[in-house]
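# give me a model of this one.
(2 chains)
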Amino acid sequence: MTISGRAIVLRGDDIDTDRIMPARFLRAVSFDGLEAHVFEDDRRAAAAAGARHPFDDPAHAGARVLLVNRNFGCGSSREHAPQALARWGIAAVIGSSFAEIFFSNAAALGVPCVGARPDDVEALMSRVGRDPAAIVSVNLDRMLVHGGGIEAACSMPAAARSAFLAGTWDATALLTEDFASVRAAAARLPYIAGFPPAPAPER
Amino acid sequence: MGSTLLEKVWDLHTVRRLPTGQTQLLVGLHLVHEVTSPQAFDMLRLRGQPVAFPDRTFATVDHIVPTDGQPRPFADQMAEQMMAALERNCREFGVPLFGLDSDDQGIVHVIGPELGLTQPGMTIACGDSHTSTHGAFGAVAFGIGTSQVRDVLASQCLAMDPLKVRRVAIGGALAPGVYAKDVILAVIRALGVQGGAGFAYEYAGPVVERMTMDERMTLCNMSIEGGARAGYVNPDDTTVAYLRGRRFAPAGDAFDRAAAWWRSLASDPDAVYHDEVSIDGAALGPMVTWGTSPGQSIEVGGRVPRPSDVAEAERSALADALAYMGLQPGSPIAGTKVDVAFIGSCTNGRLSDLREAARIVRGRRISTHVRGLVVPGSKRVREAAERDGLHEVFRDAGFEWREAGCSMCLAMNPDRLEGRELCASSSNRNFKGRQGSPTGRTLLMSPAMVAAAAIAGEVTDVRSLLPAAEAS
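Residues are numbered from 1 along each chain as shown, chains lettered A, B, ... in the order given. Purely as a prediction, here's the structure:
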């Protein structure tokens, strides 16, 4: 499984999901249209300062791979953040590390987040900065990222990787297929089935 | 070899090993709120699936609730639509809802424990990162996203990778004016905002053992700010005493049997941890954040860092945070002018938080340039505070006394910062724009420190305002 396309570079450590999707856009009952608001406050701040946010740079329009630094997606568990990125067109993320809930949320949408060494991420970022048309790819079979002549190893927890390769990243089917075992597990739990007689009096 | 609480609870809830190698983990209690659930219920509808265990699922409304006593329909049409969607989803799928018409409504992480829904040994999930709060009871509690909310609704299960356990021991005793909030801010500063990735934090040691349940909840609540998806405290006498008599806790003889089982889940003395960290609680002072990440904090007597104080790799983040905050490197944090004071949230919106803040406020007035808001974490907290007369204490001082909800912690309701306002806040995140204004600024601190800042009109050491007998 390989995802490839042009890339977009978003520099900075600890970019939180409030940055990616400010809370006011969570006032909705669907995820429709969120892509229009991805990084909205940062984009406005950049424009006000006479600069251009990467997500407003026409050179990166249509990018499929997002390049980020450390602890991307920290903070709130809002799936609205990866939903917005995916709806904007991002199909894979390469970064030096990810916050766990963001990673899981993105995985559940079929968007792999792969880790790479910080200097490899920097090399890819510089390359794409010089040549926005460079094609960057994430190969989950070989766990390699490529871009503009650079090849680097990438990583992902084994289970998430195998779910991507098997196409079972949407876990609902997997979790509902053996419901008898779920019921049996529930029936073993004291707080559902009843607490056992105490072996000794309560202290 | 002994086991940790996490290992015991994990094993008890393991349904099977999935082909991916992950664990199919049963969720004992699923808590639902209006922001992260509508899309999940819609996905169930689309797939024609019921809620698997509606009797292990409970909902409330907290994030979007106006706290100024607005009647339905809300002035904000989107908020009204979200509220109506939750009501319809709960009705159609048979999920109990503690709505605005219920005396038990409140922030999901406040009412779960308050009702006795949260119990030791449970696995708990909620579409909210602060679900880690429930670990205070010796539960294993995860924040999840909406697709996982769908998974739990459909199957009562999550596909999970195992967590490592780090024991975080807080030694000594806290000085007067130093609270659980200061401890967790110090933990996050010490271990980093991503230090907890892959871990559950087990909080232990004399300071934690002496903490009330409210304090343990504050501690576990912000585990996620340290990158740990879960944090917990082993159940003990304090846990058992808190739960006795709660509405959803076992009653009579069953309570004693439950209590014995709860205690048996505590980590064994010879449990093996991935690693252990010790922090001297006696050395801690009141903490204040100066930046835009919860790890960027100092003691109230300290100075905002200079670029030369931090590692080369941290300098651009420091410069960026200080430019946003409008703070000068090397300047004392005390004396920073405050525009808004917010007391509330799932971190610090419980009765004991309001009591501590009221102790500072009593007989004083908040500064004329400060807008002060007290937002109880639940209707029950509000009612209990009013029985104590705390609402009068706050109102007499110039604070607004509001209805229960998440309010200005994340500003999904009308309570928000304006422009570059700077807020002394008892909440959990100081991210850019977090409190509703894209340029608004947040200084995280304990509720007592927020009260002190409101009175002084600037960041100030709460210890100077403590009743004389205590300020040793």
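
# hey, let's count contacts and neighbours off CA atoms from now on
Will do.

# got a list of what residue 12 touches?
In the absence of a named chain, chain A is used. A:V68, A:N69, A:R70, B:A317 (C-alpha atoms under 8 Å, 6 or more residues apart in numbering or on different chains).

# sorry, I should have been clearer: chain B.
Counting by C-alpha under 8 Å, 6+ apart, B:L12 touches A:L189.

# just say helix, strand or coil for B:P19.
Assigned with DSSP: H, G, I helix; E, B strand; the rest coil, B:P19 falls in the coil class.

# what about residue 126, how many neighbours?
All of this refers to chain A. 13 (other C-alpha atoms under 10 Å in any protein chain shown).

# that was the other one, I meant chain B.
B:C126, neighbours per other C-alpha under 10 Å, totals 31.

# just checking, what packs against the longest helix that chain A contains?
The single longest helix within chain A, with elements called by DSSP state H, is helix A:118-130. Counting contacts by 3 or more C-alpha pairs under 8 Å, 6 or more residues apart in numbering or on different chains; DSSP states H and E, helix A:118-130 packs against strand A:2-9, strand A:65-67, strand A:92-95, strand A:144-147, strand A:150-153.

# ok, now with 7 Å
Counting contacts by 3 or more C-alpha pairs under 7 Å, 6 or more residues apart in numbering or on different chains; DSSP states H and E, helix A:118-130 packs against no other helix or strand.

# shaky segments in chain A?
Within chain A, the ranges that satisfy pLDDT under 70 run A:198-203.

# residues of it that sit close to chain B?
Contact residues, chain A versus chain B (C-alpha under 7 Å from any C-alpha of the partner chain): A:18, A:23-24, A:26-30, A:41, A:71, A:75-79, A:99-101, A:105, A:108, A:159, A:162-163, A:171-172, A:175-176, A:181-182, A:185, A:195-198, A:202.

# now the residue positioned nearest the centre of chain A: closest residue in space, sequence neighbours ignored.
Nearest to the mean C-alpha position of chain A, counting by C-alpha atoms, centre = their mean, stands A:A106 at 3.7 Å. Of all residues not flanking A:A106 in the chain, A:P82 sits nearest, at 5.4 Å (C-alpha to C-alpha, 6 or more residues apart in numbering or on different chains).

# what strand or helix carries the one you found?
helix A:80-88 (DSSP states H and E).

# CA-only coordinates of that helix in CSV, if you can.
What follows is helix A:80-88 as a C-alpha-only set of coordinates in CSV (Å, rounded to 0.1, in the frame of the first residue of the first chain):
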residue,chain,number,x,y,z
HIS,A,80,-13.0,17.0,13.6
ALA,A,81,-9.3,17.7,13.2
PRO,A,82,-8.3,14.7,11.1
GLN,A,83,-11.7,14.8,9.4
ALA,A,84,-11.0,18.3,8.2
LEU,A,85,-7.5,17.3,7.0
ALA,A,86,-8.8,14.2,5.2
ARG,A,87,-11.6,16.2,3.6
TRP,A,88,-9.2,18.8,2.5
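
# that one: how far from the chain's middle?
Computed by C-alpha atoms, centre = their mean, to the nearest Å, the chain-centroid distance of helix A:80-88 equals 9 Å.

# which residues does B:A452 contact?
Counting by C-alpha atoms under 7 Å, 6 or more residues apart in numbering or on different chains, B:A452 makes contact with B:I360, B:T460, B:V462.

# let me have those in JSON lines, extended by distance to B:R17.
Below are those laid out as JSON lines (distance: C-alpha to C-alpha, whole Å):
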{"residue": "B:I360", "distance to B:R17": "53"}
{"residue": "B:T460", "distance to B:R17": "53"}
{"residue": "B:V462", "distance to B:R17": "51"}
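
# any chance of those residues in TSV, plus secondary structure, neighbour count and distance to chain A?
Output for the contacts of B:A452, formatted as TSV (DSSP: H, G, I helix; E, B strand; the rest coil; neighbours: other C-alpha atoms under 10 Å in any protein chain shown; distance: C-alpha to the nearest C-alpha, whole Å):
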residue	secondary structure	neighbour count	distance to chain A
B:I360	helix	23	31
B:T460	coil	25	28
B:V462	helix	24	28
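
# number of residues surrounding A:G115?
24.

# which strand residues bridge it?
Note on A:G115: beta-bridge partners A:G95, A:S155, judged by DSSP bridges.

# that one contacts A:C154, doesn't it?
Yes: between A:G115 and A:C154 there is a contact at 5.4 Å, judged by C-alpha atoms under 7 Å.

# tell me where the stretch 151-300 of chain B has helices.
Applying DSSP state H, counting those that start in this stretch to the stretch 151-300 of chain B gives helices spanning B:180-191, B:206-210, B:213-221, B:237-243, B:253-264.

# which of those helices is buried the deepest?
Neighbour counts (mean count of other C-alpha atoms under 10 Å in any protein chain shown) averaged over each of the helices of the stretch 151-300 of chain B peak at helix B:213-221, with a mean of 26.
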